[in-house]
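Student: please find the sequence and the predicted model below.
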Amino acid sequence: MTGLELLAVALGMRHGVDPDHLTAIDGLSRVRPSPLNGILFALGHGGIVTLLAFPAAALLQRVNLEALHLPTLLLLLVAGLNLYRLLRPEERTPGRLPLLHPLLLGLLFGLGFETASQLSVLALSAQLSPLRLGLFFTLGMLLVDGVDGFLASRLQNLARDSRRAKRASRLLGWVVVAVALLLALAELGGVDLGAIAFPLGLGLFLLLVSLRLYALRPA
């Protein structure tokens, strides 16, 4: 890979650690556990970024999609469903809602949130072909979001038979609700959380890894 392609991968990994990504994937995994959640989310999101890198998509970039607050509404939906499951664990949550498909979630997040890492990779479109740019950027996201989705899904599966894993799952659920509400309210209130986005996302990822290790320990 060239230096620019490595940079695209690095930006994809950085983008994959954004707290809105991890919150959506972890929250989705508590409603409909699947090891493919993170992979499908990254593919959907990467597909949109690839599309936006084409000059013909300039018109789409001019549309004020942020005014629709699509990712914000989806974060509120994820928070609401996880809160419902936390308060009523004995009842089945509606995990088959079309909006909760990880591929569609990734598409909508790619259209709605313009983060620094996403804008940075689009700036490379003048030096890399859109397809190569999208491929390497998506690869970076897959490395992070794919692992996150796998770990979150495995934790939920362990929670079916292990009290330790069930406690870990509930803690993750409360963290997902809190972070999703924080991000959604900040977006609606016009508060820029860019300065804390990376440490918040990295902390959420490390928490998931820690909870997974905790769940695997013998009682």
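Tutor: It's in. Just so you know, these numbers come straight off a predicted model, no measurement behind them.
Student: buried residues, whichever helix in the chain runs longest. List them.
Tutor: For the chain, the helix with the greatest residue count under DSSP state H is helix 130-158. By neighbour count on 16 or more other CB atoms under 10 Å, the buried set for helix 130-158 is 130, 132-158. All C-beta spots, glycine's among them, are computed from the backbone N, C-alpha and C.
Student: and it, how far from the chain's centre?
Tutor: Its chain's average C-alpha position is 9 Å from that of helix 130-158, according to CA atoms, centre = their mean, to the nearest Å.
Student: next helix or strand past that helix?
Tutor: Sequence-wise, the next helix or strand downstream of helix 130-158 (DSSP states H and E) is helix 163-188.
Student: by mean pLDDT, flag the weakest helix or strand of the chain.
Tutor: helix 58-62 (a mean of 57; mean pLDDT, DSSP states H and E).
Student: and whichever helix or strand comes after that helix, how far from the chain's centre?
Tutor: Scanning forward in sequence from helix 58-62 by DSSP H and E, the next helix or strand is helix 70-87. Taking CA atoms, centre = their mean, one finds the center of helix 70-87 at 13 Å from the center of the full chain.
Student: same question for stretch 13-29.
Tutor: With CA atoms, centre = their mean, you get 2 Å for stretch 13-29.
Student: mean confidence for that stretch?
Tutor: Mean pLDDT, computed over stretch 13-29, is 92.
Student: alpha carbons of it, as CSV, please.
Tutor: Below are the C-alpha coordinates for stretch 13-29, written out as CSV (Å, rounded to 0.1, in the frame of the first residue of the first chain):
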residue,chain,number,x,y,z
MET,A,13,-9.9,3.0,12.0
ARG,A,14,-10.1,6.4,13.7
HIS,A,15,-13.6,6.8,12.3
GLY,A,16,-14.6,3.3,13.6
VAL,A,17,-13.7,4.3,17.1
ASP,A,18,-16.1,7.3,17.0
PRO,A,19,-18.5,6.9,20.0
ASP,A,20,-21.6,7.1,17.8
HIS,A,21,-20.4,4.0,15.8
LEU,A,22,-19.7,2.0,18.9
THR,A,23,-22.8,3.0,20.7
ALA,A,24,-25.0,2.0,17.8
ILE,A,25,-23.2,-1.3,17.3
ASP,A,26,-23.1,-2.2,21.0
GLY,A,27,-26.7,-1.1,21.5
LEU,A,28,-27.9,-3.0,18.5
SER,A,29,-26.1,-6.1,19.7
